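Q: give me a model of this one.
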Amino acid sequence: MFLNSRTEPKLLTLLGFLNTRMILTEDELKQYLYLKKGYEGEVAFDLMAAEKLNNEIFILNDLMLEINQSKFQIDSSLIIQDTIIPCEVKNYEGIICTRMAISI
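A: From the prediction side, this is the model:
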């Protein structure tokens, strides 16, 4: 069960709007495509998790944390009873097999 829904990053939304209205610089276009691909991978992970995992597992998306004045983001966290499994999602091209083994 998802505890929060995933939202498209604001910068991705902004660059998407700009991309339809103007010609982005090479760096802006690279950043837009990078962000878009990453977001698509995270959405694909959500769909796979919803399909494969049971309702006893909670999923927390886009968790932003700060430790020692350093901020970092966790794409998804699986919460199972007394265990939290942080997941960093990557979207690579090609054929990829994903297997998740969880033992409690």
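
Q: could you verify that Lys37 is part of a helix?
A: Yes - per DSSP: H, G, I helix; E, B strand; the rest coil, Lys37 lies within a helix segment.

Q: tell me if I'm right that Ile84 and Leu78 touch.
A: Yes - with contacts counted by Cβ atoms under 8 Å, Ile84 reaches Leu78, the gap being 7.2 Å. Using the backbone N, CA and C atoms, a C-beta is placed for each residue, glycine as well.

Q: neighbour count for these two, which is higher?
A: Leu78 (17 against 13; other Cβ atoms under 10 Å).

Q: gap between Asp27 and Ile59?
A: Separation of Asp27 from Ile59 (Cβ to Cβ, to the nearest Å) stands at 34 Å.

Q: neighbour-wise, which of these two wins?
A: Shown here are Asp27 and Ile59; by other Cβ under 10 Å, Ile59 has more neighbours (20 against 8).

Q: okay, and the beta partners of the more buried one?
A: Counting by DSSP bridges, Ile59 forms beta bridges with Phe2, Leu78.

Q: enumerate every residue touching it.
A: Ile59 makes contacts with Met1, Phe2, Leu3, Asp46, Ala49, Leu53, Ser76, Ser77, Leu78, Ile79, as judged by Cβ atoms under 8 Å, 6 or more residues apart in numbering.

Q: ok, now how distant is it from Leu47?
A: Plainly put, Ile59 is 12 Å away from Leu47 if you go by Cβ to Cβ.

Q: ok, which stretches of the protein are strands?
A: For the chain, applying DSSP state E gives strands covering 58-67, 70-80, 83-87.
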